[in-house]
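J.: Compute the structure for the input listed below.
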Amino acid sequence: MEFPSTIKLGICPRNPFRCTIPGHNMCNNDYDCEGRQKCCYFNCGKICRNPQAIIKTLKRKHKHIPIRKPHQIKTAIKCRMLDPPNNCDSDYQCINELKCCEGMCGRDCVKPIFGTIDNKLFILC
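T.: Numbers count the residues shown, from 1 in each chain. Next comes the predicted model:
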């Protein structure tokens, strides 16, 4: 028996809220929602919402940007949530050239850093 993917097409609308404690979830995954709706973080919990269309464009203009080593990146903010929400699960849920990356408080769509090492292109979150 083959099971459907737990992620439907489209992306969840951006959640304008940042919570310090998780709220009540009305769904666990996209297939808990009717029709095209997706299970999205909103306010401090998950609810079924209409998705936004995915508009993915690839840009071929990459500038050489030096890649920072982990010890060069200073972290000033720590997440205060026990289980922070993820606003995306994969790059396909992000618009334009944004990538789904692990952040301070869960995964989110962010602008990637492009760099080259030995003439090979690297894309970092």
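
J.: so who does the spatially closest residue to F42 that is not a sequence neighbour touch?
T.: The shortest distance from F42 to any non-neighbouring residue, by C-beta to C-beta, 6 or more residues apart in numbering, is to N15 (5.6 Å). For every residue, glycine as well, the C-beta is placed using N, CA and C. N15 makes contact with C40, Y41, F42, N43, P85, N87, according to C-beta atoms under 8 Å, 6 or more residues apart in numbering.

J.: what about N15, which SS state?
T.: coil (DSSP: H, G, I helix; E, B strand; the rest coil).

J.: So it versus I113, what's the distance?
T.: 24 Å (C-beta to C-beta, to the nearest Å).

J.: And for I11?
T.: 22 Å.

J.: Would you mind telling me which of these two has the busier surroundings?
T.: I11 (23 against 15; other C-beta atoms under 10 Å).

J.: pretty sure the more buried one is touching I95, no?
T.: Yes - using C-beta atoms under 8 Å, I11 is in contact with I95, at 6.9 Å.

J.: which SS state does C40 fall under?
T.: Going by three-state DSSP: C40 is strand.

J.: er, Y31 actually
T.: helix.

J.: Going along the chain, name the strands of the chain.
T.: Using DSSP state E, the strands of the chain run over 38-42, 45-49, 99-103, 106-110, 113-117, 120-124.

J.: Understood, closing this out.
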